[in-house]
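Colleague: Requesting a structural model of the entry that follows:
(one chain, ligands or ions: 1)
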Amino acid sequence: MDRSPPAPPATSLPGTRPEPTGQRLSVRLATPRGFCAGVDRAIQIVERAIEKYGAPVYVRHEIVHNRHVVERLAALGAVFVEELDECPDDRPVVFSAHGVPKAVPAEARARQLFFLDATCPLVSKVHIEAERHHAAGREIVLIGHSGHPEVIGTMGQLPDGSITLIETVEDAERFTPRDPDKLAYVTQTTLSLDDTAAIVRTLKARFPALPDPHKEDICYATTNRQEAVKRLAEVSDLVLVVGSPNSSNSVRLVEVALRAGARDARLVDDASQVDWSWFEGVERVGITAGASAPEQLITGLIEAISARFDARVIEDDGERETVSFKLPRVLQS
Ligand code: SF4
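Modeller: Have a look, this model is predicted:
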């Protein structure tokens with residue numbers, strides 16, 4: 001099934017075409033960009049559930065943080081809710097890619113709901129890691145952003161008080177553990193690599209026994225997209241990141257681009273949100289997309305740019321991703 005949403009409307013009025021300006025633009029596309037394996041799997045879970053069980057299928061929280069994806073799935077028959085008490089007993093419910101506190105599947109089981117867990121396996125890996133540290137008697141620091149569903153889900157794997165959330169270097173400087181020799185840390189999967197490294201450095205300077213995770217918690221998709229946008233920003237006047245404002249990894253890409261030297265970097269849900277005055281005096285534009293943004297939105301953005309400017313589009317030579325995750329067994333046939 002084509003998982004791309006319909007192309008968003010161009011920014012010109014219906015029936016009109018924008019006047020080409022003749023301004024020359026070099027447009028460079030980041031590689032990799034857009035969908036990651038966890039997002040692809042989560043969307044497929046909702047689609048297959050609708051195919052197999054019929055509509056409506058309830059989805060607790062936005063399946064992934066992208067407005068276009070959510071609108072397309074809603075049109076297919078998904079009903080997005082924030083809590084389980086909004087779901088009827090007789091319809092399937094899907095948990096979003098960000099993961100859920102343990103209390104959520106427990107409540108679903110108590111109500112005998114049929115549920116499908118679309119938590120990204122790389123988020124589940126962090127949950128397992130946190131449980132392992134807790135079982136070994138370690139106090140856990142979670143580096144992440146307060147209020148993000150992934151953080152709520154990870155903190156909800158363990159009893160209250162087992163995990164302390166640290167958001168900044170200042171938090172790390174102030175943090176007082178119960179026992180500095182029995183400490184461990186895990187992180188949200190979609191953080192800035194550089195900001196997280198600074199927080200970890202601060203913690204390690206204060207608590208030298210602090211062990212590193214066996215494998216980085218910041219996921220391959222976040223890492224690859226941040227490295228790609230850094231390369232892009234070094235040779236761009238303006239970087240456009242396609243993604244929704246509640247998408248953590250998309251917002252991070254804007255920050256990384258600005259720090260890496262782009263004169264300007266903007267987050268847009270699609271081409272209709274571009275303010276063409278951003279292009280004044282710009283010769284080199286870089287384009288990327290967050291892990292939850294469909295490629296179709298990038299295509300729409302390139303078309304809108306090409307309609308206005310004398311644009312030469314080139315694709316960056318970056319990491320080719322081959323990661324994929326299996327669907328839950330019940331949806332495999
Ligand atoms: Fe999984 Fe990373 Fe994608 Fe999040 S961004 S869904 S952790 S692969």
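
Colleague: List the buried residues for stretch 220-235?
Modeller: Within stretch 220-235, the residues scored as buried using 16 or more other CB atoms under 10 Å are 220-222, 224-233. Any C-beta I mention is one placed from the backbone N, CA and C, and that applies to glycine too.

Colleague: oh, I was asking about stretch 300-309
Modeller: Buried residues in stretch 300-309 (16+ other CB under 10 Å): Gly300, Leu301, Ile302, Ala304, Ile305, Ala307, Arg308, Phe309.

Colleague: Now distance to Val64, pLDDT and secondary structure too, for the residues you listed, in JSON lines please.
Modeller: Shown next, in JSON lines, are these (distance: CB to CB, whole Å; pLDDT from 0 to 100; DSSP: H, G, I helix; E, B strand; the rest coil):
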{"residue": "Gly300", "distance to Val64": "19", "pLDDT": "98", "secondary structure": "helix"}
{"residue": "Leu301", "distance to Val64": "19", "pLDDT": "98", "secondary structure": "helix"}
{"residue": "Ile302", "distance to Val64": "22", "pLDDT": "98", "secondary structure": "helix"}
{"residue": "Ala304", "distance to Val64": "24", "pLDDT": "97", "secondary structure": "helix"}
{"residue": "Ile305", "distance to Val64": "25", "pLDDT": "97", "secondary structure": "helix"}
{"residue": "Ala307", "distance to Val64": "29", "pLDDT": "96", "secondary structure": "helix"}
{"residue": "Arg308", "distance to Val64": "30", "pLDDT": "96", "secondary structure": "helix"}
{"residue": "Phe309", "distance to Val64": "31", "pLDDT": "96", "secondary structure": "coil"}
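
Colleague: okay if I get those residues as TSV plus distance to the ligand?
Modeller: Listed next are these as TSV, based on distance: CB to the nearest ligand atom, whole Å:
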residue	distance to the ligand
Gly300	22
Leu301	21
Ile302	23
Ala304	26
Ile305	26
Ala307	32
Arg308	32
Phe309	32
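
Colleague: residues near the closest residue to the ligand within the chain, how many?
Modeller: Closest approach between the chain and the ligand, counting by CB to the nearest ligand atom: Gly38, at 2.5 Å. Neighbour count of Gly38, defined by other CB atoms under 10 Å: 27.

Colleague: Val169 now?
Modeller: Val169: 15 neighbours (other CB under 10 Å).

Colleague: who's in contact with it?
Modeller: Applying CB atoms under 8 Å, 6 or more residues apart in numbering, we find Val169 in contact with Ala198, Ile199, Thr202.

Colleague: Show me how to select, in PyMOL, the buried members of those residues.
Modeller: Filtering the contacts of Val169 down to the buried ones (16+ other CB under 10 Å) takes a single PyMOL command:
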select buried, resi 199+202
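
Colleague: filter the contacts of Val169 by proximity to the ligand?
Modeller: With CB under 6 Å from any ligand atom as the criterion, these include none near the ligand.

Colleague: In helices only, show me the contacts of Val169.
Modeller: Ala198, Ile199, Thr202 (DSSP state H).

Colleague: does Pro208 sit in a helix, a strand or a coil?
Modeller: coil (DSSP: H, G, I helix; E, B strand; the rest coil).

Colleague: what's near enough to touch it?
Modeller: Contacts of Pro208 (CB under 8 Å, 6+ apart): none.

Colleague: burial measure for Leu116, as a count.
Modeller: Count around Leu116 with other CB under 10 Å applied: 20.

Colleague: how much space between it and Val94?
Modeller: Applying CB to CB, to the nearest Å, the value for Leu116 to Val94 is 5 Å.
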